[in-house]
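Chemist: A predicted structure for the sequence below; I have some questions about it.
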Amino acid sequence: MGRHSLPDPPAPESTGARSGNRRRTVATALVLAVAAGTVVALRTDLLPFGKPCGGASVRLRVLASPDIAPAIKTVAARARVDEVRSDGKCLDVKVAARASYEVADTLGRRPAAPGFQVWIPDSGLWVDRVGSESGTSLTPVGPIASSPITLGAVPSAAASLGWPKKTYTWSELTRTATTDDELRLGVADPARSATGLLALSRIDAGYAKDSRGSGSGGDAGARTAAAAKLLYERVADGDSQVVATLPHDGSGAERGNPRRNQALLLSEQAAHAHNSGPAGGPDLDLFYPRDGSARLDYPYTLVDDRTLNADQTRAASRFMTLLGGAPGQQELRRRGFRGANGAADAAVTRTAGGRTPQPYSAATADPPSPKDLRALLGMWTITVQSARITTVVDASASMGNAVPGGGGQSRMGLARNSLLQALATFTPEDEIGLWKFATRLDGDKDYVELSPTRRLGDGGEHGGTHREELATAFGALAPVPNGATGLYDTTLAAYEKARRTYASGKFNSLVVVTDGADDDSSSIGLDALAGRLRKLADPKRPVPLIAIAIGPEADKSALDRIVAPTGGSAHRVNDPSQIHQVVLKAIMAAGTKEPRRTSPSEAR
């Protein structure tokens, strides 16, 4: 089974005679019931209780985050033993575990027929991600459990940090833990872990609050990036992998082992599972930052509910009722989860390693917005993995057109300012270059390299740094009078050079900004360009092409065909000042996904 594959679809089930509107009504009613703070049977004739099981059954397939899947499986198994029914049919729930980021990656790529009806990821951020990518339709009904994110440390490290009496804010705790050479702090990759990403969001919020209090304003992003650099030194692929980096015994013999961490950013539930599990090693003591923890919220989510038949919709409702009932909640608490409202449970917290006066009962912080999370992921991608990016900017005459509502500024002026904003987010280790294109700028060539793709921290050709010279080149961009759009030949030439100069260990990419369709009568043409790019693209040495289409005249459909073979993406913006935000989002998406293979029909 491939990395992004999903469970095989279940055997076909009868759809019954009820309409799709009826199915959506039931799903909506379930949403309203949960929003009201209760999980109850919606109608006793739809969700009958207590009748003996036998005869027909209704199968429900559930995909759950690996941490909560064992509890979900136990509730499902108990339902079969107790012969629980849904609308007179035996409830048969099959549960499989799959990392939430893998499921989100698959569902977000395209509308899919995934073969399961309910998804329980560890965080609603994955549901938001699928929605933002216009992938498979998802309907989050409500959370079934929760767990705050903490810093857990082995006893010797916790004592050195003053546990349990000393409390910290997120910024204080991160700064202390990452500057102590003897205390190695591990974290799961924020690109693959909700725990890692939400912890990073709280660190960022802490630095932002510190900056506002000190009046230093703009250094919060730099401090977050610096913390991300330090965290990356101990990053693990996922949640289970980072827990595996803890010492295997409590003798202290592994304290000097550079492969072992003394502290982790992890959920309370993960600490509970470690402390109560058979794996061995010292128990963890937990720090709960006093400025509010983020939390995992485990949303019960219907997958493409428009395709669910009436039996499946009712079965999904019935099973959520079981998870929200006393036995289901007892099973979740036994495995270290809090209730959906986030209230602390004394037994859970004590086993996990929480003690007074750590503020484990404090309310969790407000969740970050999807926009903030995308920006953090973009920052993480370009901060922890040095980038090599060549930016190719349209300099045709139409880039001089004024932008409606732009205060009289031209497309080029706003694009130039936005690209300079993007440049400011890169580190001295990143390699950035600049081309411009129109038609016949250099003999028969439609393009000119204005600044080579080099480390920003290197010395420039005329004194100063490459960053300074590149900023000057960006600032000097101007439309070429009577210049047309030589898009296709330029894209091919720039991509060929990016492939020749590929830098291993870096995020390699090509960014093309244009406001028009190719109108060079002697160009290679779209079909030939797409074919050449398909041959040049190499999944082992990926160079995703990110295309930004400015305004309505840009040929977005052509750009979609151009980027597809490279694993990149095309985006339309009406306001060129949005370019830097779109570039960061596109880098994040390209940096966390494998290049997509294109079919022959897509390439033609």
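Modeler: Here it is on my side, so go on. Numbering: from 1, shown residues only.
Chemist: C-alpha from now on. contacts and neighbour counts both.
Modeler: Noted.
Chemist: Quick one: residues in contact with the helix or strand containing residue 590.
Modeler: For residue 590, the enclosing helix or strand under DSSP states H and E is helix 579-591. Taking contacts as CA atoms under 8 Å, 6 or more residues apart in numbering, the residues outside helix 579-591 that touch it are 374-375, 377-379, 381-382, 415, 418-419, 421-422, 507, 511, 544, 546, 548, 567-569, 571, 573.
Chemist: Next step: those restricted to strands.
Modeler: Among the contacts of helix 579-591, the members falling in strands (DSSP state E) are 507, 511, 546, 548, 569, 571, 573.
Chemist: All the helices of the stretch 201-350 of the chain, in order from the start?
Modeler: Secondary structure of the stretch 201-350 of the chain, counting by DSSP state H, counting those that start in this stretch: helices at 220-232, 239-243, 268-276, 310-324, 326-334, 346-352.
Chemist: what helices or strands is the fifth one leaning on?
Modeler: Contact analysis of helix 326-334 by 3 or more CA pairs under 8 Å, 6 or more residues apart in numbering; DSSP states H and E lists helix 69-81 as its packing neighbours.
Chemist: What is the helix it packs on packed up against?
Modeler: For helix 69-81, the helices and strands in contact under the criterion 3+ CA pairs under 8 Å, 6+ apart are strand 89-97, helix 310-324, helix 326-334.
Chemist: re earlier: a markdown table for the ones in strands among the contacts of helix 579-591, including pLDDT?
Modeler: Formatted as a markdown table, the ones in strands among the contacts of helix 579-591 follow (pLDDT from 0 to 100):
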| residue | pLDDT |
| --- | --- |
| 507 | 88 |
| 511 | 96 |
| 546 | 95 |
| 548 | 94 |
| 569 | 91 |
| 571 | 91 |
| 573 | 89 |
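Chemist: Now do the same for residue 154: its pLDDT.
Modeler: We have a pLDDT of 94 for residue 154.
Chemist: returning to that earlier point: neighbour count for the ones in strands among the contacts of helix 579-591 - can I get that in CSV?
Modeler: Below are these laid out as CSV (neighbours: other CA atoms under 10 Å):
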residue, neighbour count
507, 24
511, 24
546, 28
548, 25
569, 22
571, 17
573, 16
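Chemist: Okay, domains of this protein per the record?
Modeler: Split into domains by automatic domain parsing, the chain comes to 20-143+299-336, 148-295+350-367, 385-603.
Chemist: Point out the one among those domains that comes closest to residue 342.
Modeler: Smallest distance to residue 342 across the domains of the chain (CA to CA): 7.7 Å, for domain 148-295+350-367.
Chemist: Next, count neighbours for residue 558.
Modeler: Using other CA atoms under 10 Å, residue 558 has 16 neighbouring residues.
Chemist: any residues touching the helix or strand where it lies, and which ones?
Modeler: Element membership for residue 558, per DSSP H and E: helix 556-563. The contact list for helix 556-563 (CA under 8 Å, 6+ apart) reads 526, 529-530, 533, 544-547, 549, 569-572, 602-603.
Chemist: tell me the least confident of these?
Modeler: Scanning the contacts of helix 556-563 for pLDDT, the low point is residue 603. It has 32.
Chemist: What residues does residue 542 make contact with?
Modeler: 508-509, 566-567, 595.
Chemist: Also residue 238?
Modeler: Residue 238 makes contact with 188-189, 192-193, according to CA under 8 Å, 6+ apart.
Chemist: let's see it at 6 Å
Modeler: Contacts for residue 238 (CA atoms under 6 Å, 6 or more residues apart in numbering) come out as 188, 193.
Chemist: Next one: the most centrally placed residue in the chain from residue 408, what distance?
Modeler: For the chain, residue 191 is the residue whose C-alpha lies nearest the centre (CA atoms, centre = their mean; 5.2 Å). Applying CA to CA, to the nearest Å, the value for residue 191 to residue 408 is 40 Å.
Chemist: re the thing from before, so can I have a markdown table of the domains of the chain showing distance to residue 342?
Modeler: Formatted as a markdown table, the domains of the chain follow (distance: least, CA to CA, whole Å):
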| stretch | distance to residue 342 |
| --- | --- |
| domain 20-143+299-336 | 10 |
| domain 148-295+350-367 | 8 |
| domain 385-603 | 30 |
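Chemist: could you dump the ones in strands among the contacts of helix 579-591 to TSV with distance to residue 82?
Modeler: Below are the ones in strands among the contacts of helix 579-591 laid out as TSV (distance: CA to CA, whole Å):
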residue	distance to residue 82
507	53
511	58
546	54
548	57
569	50
571	52
573	56
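Chemist: Give me the buried positions along stretch 462-480.
Modeler: 465-467, 469-471, 473-474, 477-480 (16 or more other CA atoms under 10 Å).
Chemist: Next, please give the residue ranges for the strands of the stretch 401-550 of the chain.
Modeler: Applying DSSP state E, counting those that start in this stretch to the stretch 401-550 of the chain gives strands spanning 431-442, 445-455, 507-514, 545-550.
Chemist: how about CSV for those strands, with distance to residue 487 added?
Modeler: Putting these into CSV (distance: least, CA to CA, whole Å) gives the following:
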stretch, distance to residue 487
strand 431-442, 7
strand 445-455, 8
strand 507-514, 8
strand 545-550, 11
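Chemist: closest to residue 249 out of these?
Modeler: Among these, strand 507-514 sits nearest to residue 249 (CA to CA), with 37.8 Å.
Chemist: Show me which of the contacts of helix 556-563 are buried.
Modeler: Among the contacts of helix 556-563, the ones that count as buried by 16+ other CA under 10 Å are 526, 529-530, 533, 544-547, 549, 569-572, 603.
Chemist: can you list the residues you listed in CSV and add distance to residue 561?
Modeler: Formatted as CSV, those follow (distance: CA to CA, whole Å):
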residue, distance to residue 561
526, 8
529, 9
530, 7
533, 10
544, 13
545, 11
546, 12
547, 11
549, 13
569, 10
570, 9
571, 12
572, 14
603, 7
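Chemist: about what we covered before: which of the three states applies to the residue nearest to the centre of the chain?
Modeler: Three-state call for residue 191 (DSSP: H, G, I helix; E, B strand; the rest coil): coil.
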